[in-house]
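Asker: I'd like to go over a predicted model; first the sequence, then the structure.
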Amino acid sequence: AQKVTQAQTEISVVEKEDVTLDCVYETRDTTYYLFWYKQPPSGELVFLIRRNSFDEQNEISGRYSWNFQKSTSSFNFTITASQVVDSAVYFCALSEAPGRDKIIFGKGTRLHILP
Amino acid sequence: DTGVSQDPRHKITKRGQNVTFRCDPISEHNRLYWYRQTLGQGPEFLTYFQNEAQLEKSRLLSDRFSAERPKGSFSTLEIQRTEQGDSAMYLCASSLTLGRGPNTGELFFGEGSRLTVL
């Protein structure tokens, strides 16, 4: 069965520090998709990134970067030079394919960026 | 584009009452999902539709729960004979996915409907 584990329940860092959020997944499929979503205090989940299992290339988007390693079943998320606005709950998620279309979420990591 | 909207945003009810939530997805999106989120947890998948067809239901969705998307546009989620354990945030999301293939598209979430069962 598919499973997403975010071992870090809560992290606090001082503004401008770098922070990495860990995500470990389990799946029996060779084709799957990984996601990160952000849930700010307002509550609405916001999509950040999607990565398919055949694309292990790391991705950078501004201050955000993602490290996908199939060998360790991990899809970690790093925020560089963190800002107070980055404070939110971050969810890693997994979708298997084909035929199983639901996206399964981890329990999330609550990130506090302290001014 | 107004995004995904959900109504009501908050509902307080007494145990045993029925409640219904409505979700209006982004207009051109063909897939619609319902998730439930409790405090400190990630969203849990409940069910999803492609157009008007309900393609999958979670085991979490007991027979007290029913979801419909009659015309392939808005959806309703009804909970009958509510229990205190049903208290949660009910999230709706939509996406545009071609064919019946896997959902590789991003989900656009609404702000949720918070249910409190007394």
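Answerer: Sure thing, it's come through.

Asker: strands of chain A, start to end?
Answerer: Counting by DSSP state E, residue ranges of the strands within chain A are A:3-5, A:10-14, A:19-21, A:24-26, A:32-39, A:46-52, A:59-61, A:64-69, A:74-79, A:88-96, A:103-105, A:109-114.

Asker: and the last one, what other elements does it pack with?
Answerer: Right, the one you point to is strand A:109-114. strand A:10-14, strand A:19-21, strand A:88-96 (3 or more C-beta pairs under 8 Å, 6 or more residues apart in numbering or on different chains; DSSP states H and E). In short, each C-beta sits where N, CA and C put it, glycine included.

Asker: highest average neighbour count across those strands?
Answerer: strand A:88-96 (a mean of 24; mean count of other C-beta atoms under 10 Å in any protein chain shown).

Asker: so where's the chain uncertain?
Answerer: Assuming you mean chain A. Chain A contains residues with pLDDT under 70 at A:97-101.

Asker: I was after chain B.
Answerer: Confidence mapping of chain B against pLDDT under 70 gives the ranges B:1, B:98-105.

Asker: residues from it in reach of chain A?
Answerer: When proximity is defined as C-beta under 8 Å from any C-beta of the partner chain, chain B approaches chain A at B:33, B:35, B:40-45, B:48, B:55-56, B:58, B:89, B:91, B:93, B:101-104, B:106-112.

Asker: and A:Ile104, what are its bridge partners?
Answerer: Counting by DSSP bridges, A:Ile104 forms beta bridges with A:Leu94.

Asker: surely it touches A:Ala93?
Answerer: Yes - using C-beta atoms under 8 Å, A:Ile104 makes contact with A:Ala93 at a distance of 6.2 Å.

Asker: what touches both of the two?
Answerer: Residues touching both A:Ile104 and A:Ala93 (C-beta atoms under 8 Å, 6 or more residues apart in numbering or on different chains): A:Val4.

Asker: returning to that earlier point: among the residues of chain B next to chain A, name the buried ones.
Answerer: For those, a neighbour count by 16 or more other C-beta atoms under 10 Å in any protein chain shown gives the buried set as B:33, B:35, B:42-45, B:48, B:56, B:58, B:89, B:91, B:93, B:102-103, B:106-112.

Asker: B:Ser95 reaches B:Arg31, doesn't it?
Answerer: Yes - contact between B:Ser95 and B:Arg31 holds when scored by C-beta under 8 Å: they sit 4.7 Å apart.
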